[in-house]
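Asks: I need the structure of the sequence given here:
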Amino acid sequence: MIEFGHLSHVGLRRELNEDTYYGDSELGLWLVADGMGGHEYGEVASALAREAIVREIRGGVPLAEAIRIADAEIIRCSRRRGDSLPMGTTVVAAKVSGNRFEVAWVGDSRVYLWRDGALTQISQDHSYVQELIAQGAITADQARSHPHRNVVTQALGVTDPAQLNVETLTGELRPGMQLLLCSDGLTEEVDDRSIARVLAHQECSAQECVDGLVAAALDGGGSDNVTVVLVRRH
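Replies: The predicted model follows:
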């Protein structure tokens, strides 16, 4: 049995919530998208991504391909509007089928796996600071306060489709395991250790854990929209 919790909050410093999310146990699909582009365009881009991915998955299209189709739709919509600035969105999605999961992502929205009492970030941010970490130029701790920590190197609607890197990963989802999908509004304010402490409360419902994580992000400053989806297998 799958249980999931979900919440999106505008945060304390933004007027618009450009994040969106989706969750459907029957379809076995969950996603979080963090839009960018200002003037409500981020909101449009993230909603377009959500609608396209859900529609394509319903039609039996594989996850990575559904994300590429969403990318093409956002680019088309941007061109129709004749915008000088393209609108874009990150996306992280999880598809669960039986005891297997597949995750796919573009950008710096993240997916974590809770297994055997430990939390692991299984996605890798498509971001400027992640590239610096990979080069050994800075540490993960330094990345948390780096002035360019919000610069993404990949996004739907913005990256040249030929260069778009839809990364995927598959694994087993056994009873007691949890998948956490979130926008960077959570990870900007709440470190992995604190996230793990919340997920350790298995006596709490998935929704209570999600509520606790969003509250922690707001307590931390709420500098961005924050969206959290937690999928738990019983």
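Asks: send the alpha carbons of the top strand by length along the chain over as CSV?
Replies: What stands out as the longest strand in the chain, according to DSSP state E, is strand 88-97. Taking C-alpha atoms only, strand 88-97 is exported to CSV below (Å, rounded to 0.1, in the frame of the first residue of the first chain):
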residue,chain,number,x,y,z
GLY,A,88,11.2,27.5,-17.5
THR,A,89,10.7,25.0,-14.8
THR,A,90,12.6,22.4,-12.9
VAL,A,91,10.9,19.0,-12.5
VAL,A,92,11.4,15.9,-10.4
ALA,A,93,9.0,13.0,-10.8
ALA,A,94,8.6,9.5,-9.4
LYS,A,95,6.7,6.6,-11.0
VAL,A,96,6.0,3.6,-8.8
SER,A,97,4.9,0.3,-10.2
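Asks: Was I right to think residue 22 contacts residue 31?
Replies: Yes - judged on CB atoms under 8 Å, residue 22 makes contact with residue 31 at a distance of 5.0 Å. For glycine as for every other residue, the C-beta is placed from the backbone atoms N, C-alpha and C.
Asks: okay, and the common contacts of these two?
Replies: Counting by CB atoms under 8 Å, 6 or more residues apart in numbering, the contacts common to residue 22 and residue 31 are 50, 53, 54.
Asks: Tell me the spacing between the residue nearest the centre of the chain and residue 201.
Replies: Per CA atoms, centre = their mean, the C-alpha nearest to the average position across the chain is that of residue 109, at 3.4 Å. As for residue 109, its distance to residue 201 is 23 Å (criterion: CB to CB, to the nearest Å).
Asks: Ok, residue 168 next?
Replies: In this structure, residue 168 and residue 201 are 30 Å apart, going by CB to CB.
Asks: between the two, which one's more packed in?
Replies: Neighbour comparison, residue 168 and residue 201: the larger count goes to residue 168, with 15 against 11 (by other CB atoms under 10 Å).
Asks: Could you pull up the residues touching that one?
Replies: For residue 168, the contacting residues are 63, 64, 102, 103, 104, by CB under 8 Å, 6+ apart.
Asks: got the residues you listed as CSV, with secondary structure and neighbour count columns?
Replies: Shown next, in CSV, are the contacts of residue 168 (DSSP: H, G, I helix; E, B strand; the rest coil; neighbours: other CB atoms under 10 Å):
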residue, secondary structure, neighbour count
63, helix, 21
64, helix, 16
102, strand, 17
103, strand, 25
104, strand, 25
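Asks: with those in mind, which one is nearest to residue 191?
Replies: Of all the contacts of residue 168, the one with the least separation from residue 191 (CB to CB) is residue 103, at 21.2 Å.
Asks: I'd say that closest one and residue 169 touch.
Replies: Yes - if you go by CB under 8 Å, residue 103 and residue 169 touch, sitting 5.4 Å apart.
Asks: Look at residue 34 and tell me its secondary structure.
Replies: strand (DSSP: H, G, I helix; E, B strand; the rest coil).
Asks: all helices for this structure, in order.
Replies: In the chain, the segments counted as helices under DSSP state H are 41-58, 63-81, 128-134, 140-144, 184-187, 192-199, 206-219.
Asks: Please identify the deepest-packed of these.
Replies: Of all the helices of the chain, helix 184-187 has the most neighbours on average by mean count of other CB atoms under 10 Å, namely a mean of 25.
Asks: Poorly predicted segments of this protein, please.
Replies: 38-40 (pLDDT under 70).
Asks: buried residues in stretch 148-163?
Replies: Judged by neighbour count using 16 or more other CB atoms under 10 Å, the buried positions of stretch 148-163 are 149, 152, 153, 154, 155, 156, 157, 158, 159.
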